[in-house]
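In: next come a sequence and a model predicted from it.
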Amino acid sequence: MLWSLLKILAFVAIVTALTYGAVLLLEVEGGAIITIAGTEFQLTTLQMVIAFLVLIVLVWLGLKLLGLLWATVRFLNGDETAISRYFNRNRERRGFDALSDGMMALASGEGQLALAKAQRAEKLLNRPELTNILAAQAAEMAGDRKKAEETYKALLTDDRTRFVGIRGLMHQRLADGDTETALKLAQRAFALKPKHDETATTLLRLQAETHDWKGARETLGAKLRNGSLPRDVHKRRDAVLALSEAKEIIAEDNTVEAREAAIEANRLSPDLIPAAVMAARAYIAQNKPRYAARVLKKAWGVQPHPDLASAFAEISPNETAQARLKRFRELTGVKPDHPETKMLLAELNLAAEDFPAARRALGDLAVSEPTARALTLMAAIQRGEGASDTIVRGWLAKALTAPRGPQWVCDNCHTVHANWGPVCSNCGGFDTLSWTEAPLSETPMPHSTAMLPLIVGQVEGPSTPEGAVSDAEVIPPEGDADDPAKPAA
């Protein structure tokens, strides 16, 4: 507001000054007579001033016209002039418009249109560091892999775009399944930009797939230093890599180094089950059973697992069933209510032929969490207590269609693995295997399979022996608890 007021006041002052000057010039006496081609022009003082200003303007216009004429001559000779700069600016504007339209088409998923706009922008701009990036991505979207590869290779010649070119070629090799070349490209890209998280993650996965555990640990350390990986995650994954390295050392029969690597892996991540098992076996080989037991109990407190129980049994392999049952109390007392603990105690009591104790240890697990293992244990308990073959077969038939219980399942693709590994064999995910329940299959089971326990476990004959349970108690149908012959809905 104040600035506008000042401009108005300045304008008024200038007009006032010009008016006052014109009045003074009118009052001045005298003048001038100018003769041009025999014609006389008598000018007053004011007219002389105006004529002088007009002359200045005409001289300025003349000079401009001469400059324009000279620029035209230079333009025709190929020299850069204002005219050429004008056309260049116009060309550049159209080129950037085409580049912008190409980026919009790329974002909209129109690969062919984006590729056409990229080619037009390349002709207009002559800026390959910009247009080649758009052209490569547009060619990939349009399915023209050959064009995309050629463009990515063209990006390698410029220091500013070399990383983009290597990264694009790396993704193409990954799509083709050429992991060897992709690994080399990932290493080059990582050397150019160590802080690029996607490249580091890809390099780490490829190194794990190719069992380059030392290189993978270096890459993992770089991710930690760059701040792209939390310290706790780094510690866990470093333990996974150390464990994988220890497994390869074992395969090479280097026993001493394998023991040290296994113990190191367990130190880095005590809750990693395979690392705890391997470390315990290393301690057992060194005749340090107390260290082995301590490692296994610590891992059992985090996640009870059958492999931990097997390793705990290896601490004293020649003991009797009763002695083993007694020794295992320090392990089973860590998490007594866990299903794995209950099933382990049931197995130990079965080995000691104490079937009532095995039934008490198993509890209601066969009904509350009827996994295949729990139902098989119940069948063994029934067999040990003298139940009929029909009842035993009923439990076993029920186990056929029961869930398998916890398994090594990939968190990404939900693929079930028989054994733990650092990399998922299906999706290639690194450190994605967890000991958990596999998701239920979406494929429905045949109705005849659901009827199998009722058919196999059906009893016709004398009454149930003392101490056993009836068929209706053994295999309760899911549909109607009051009618044991009625199948589940």
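Out: Received, thanks.

In: for the rest of this, base every contact and every neighbour count on C-alpha atoms.
Out: OK.

In: for stretch 362-375, what is the distance to the chain centroid?
Out: Here stretch 362-375 shows a centroid-to-chain-centroid distance of 37 Å under the convention CA atoms, centre = their mean, to the nearest Å.

In: same question for that stretch, mean pLDDT?
Out: What stretch 362-375 shows for mean pLDDT is 90.

In: which residues sit against it?
Out: The contact list for stretch 362-375 (CA atoms under 8 Å, 6 or more residues apart in numbering) reads 339, 342-343, 345-346, 378, 395-396, 398-405.

In: just the buried ones from those?
Out: Listed as buried from the contacts of stretch 362-375 are 339, 342-343, 345-346, 378, 395-396, 398-403, 405; burial here means 16 or more other CA atoms under 10 Å.

In: from those, which two are the most distant?
Out: Greatest spatial distance among the buried ones among the contacts of stretch 362-375 (CA to CA): L345 and T401, at 24.0 Å.

In: what about the strands in this structure?
Out: Along the chain, the stretches classed as strands by DSSP state E are 31-36, 39-44, 406-410, 416-417, 433-437.

In: which strands and helices sit next to the second one?
Out: I take that to be strand 39-44. strand 31-36 (3 or more CA pairs under 8 Å, 6 or more residues apart in numbering; DSSP states H and E).

In: kindly report the same for the shortest one.
Out: Counting contacts by 3+ CA pairs under 8 Å, 6+ apart, strand 416-417 is packed against strand 406-410.

In: just want the angle from the strand it packs on to strand 433-437.
Out: 140 degrees (axes from the mean of the first three to the mean of the last three CA atoms, to 10 degrees).

In: list the buried residues of strand 406-410.
Out: 407-410.

In: how far away from the center of its chain is that strand?
Out: With CA atoms, centre = their mean, you get 20 Å for strand 406-410.

In: do stretch 259-272 as well
Out: Taking mean C-alpha positions (CA atoms, centre = their mean), stretch 259-272 and its chain are 26 Å apart.

In: make a markdown table out of the strands of the chain and add mean pLDDT and distance to T210.
Out: As requested, these are exported to a markdown table (pLDDT from 0 to 100; distance: least, CA to CA, whole Å):
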| stretch | mean pLDDT | distance to T210 |
| --- | --- | --- |
| strand 31-36 | 72 | 99 |
| strand 39-44 | 74 | 100 |
| strand 406-410 | 91 | 19 |
| strand 416-417 | 90 | 19 |
| strand 433-437 | 88 | 18 |
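
In: select, out of the ones you listed, the one closest to R236.
Out: Each of the strands of the chain has some distance to R236 by CA to CA; the shortest is strand 433-437, at 12.7 Å.

In: domain map for this structure?
Out: Under automatic domain parsing, the residue ranges defining each domain of the chain are 366-403+440-489, 409-439.

In: what about T390, distance to P356?
Out: For T390, the distance to P356 (CA to CA, to the nearest Å) stands at 20 Å.

In: return the member of the domains of the chain having the minimum mean pLDDT.
Out: Averaging pLDDT over each of the domains of the chain puts domain 366-403+440-489 lowest, since it has a mean of 61.

In: pLDDT below threshold where in this protein?
Out: For the chain, the stretches flagged by pLDDT under 70 are 25-26, 30-31, 37, 75, 78-87, 250-255, 258, 440-489.

In: longest helix anywhere in it?
Out: Using DSSP state H, we find that the single longest helix of the chain is helix 45-76.

In: that one - contacts with which helices or strands?
Out: Using 3+ CA pairs under 8 Å, 6+ apart, the elements in contact with helix 45-76 are helix 2-27, strand 31-36, helix 82-107.

In: most tightly surrounded among these?
Out: Highest mean neighbour count among the helices and strands packed on helix 45-76 (mean count of other CA atoms under 10 Å): helix 82-107, with a mean of 17.

In: compute the inter-axis angle for that helix and helix 45-76.
Out: 60 degrees.

In: for helix 82-107, packing partners?
Out: Using 3+ CA pairs under 8 Å, 6+ apart: helix 82-107 touches helix 45-76, helix 111-125, helix 128-142.

In: which of the buried ones among the contacts of stretch 362-375 sits closest to L325?
Out: L345 (7.8 Å).

In: the residue lying closest to T181 once chain neighbours are set aside: neighbour count?
Out: The shortest distance from T181 to any non-neighbouring residue, by CA to CA, 6 or more residues apart in numbering, is to R173 (6.7 Å). By the criterion of other CA atoms under 10 Å, R173 has 17 neighbours.

In: check the gap between R173 and L206 for me.
Out: Distance, R173 to L206, by CA to CA: 12 Å.

In: any common contacting residues for these two?
Out: Taking CA under 8 Å, 6+ apart as the criterion, R173 and L206 both touch T179.
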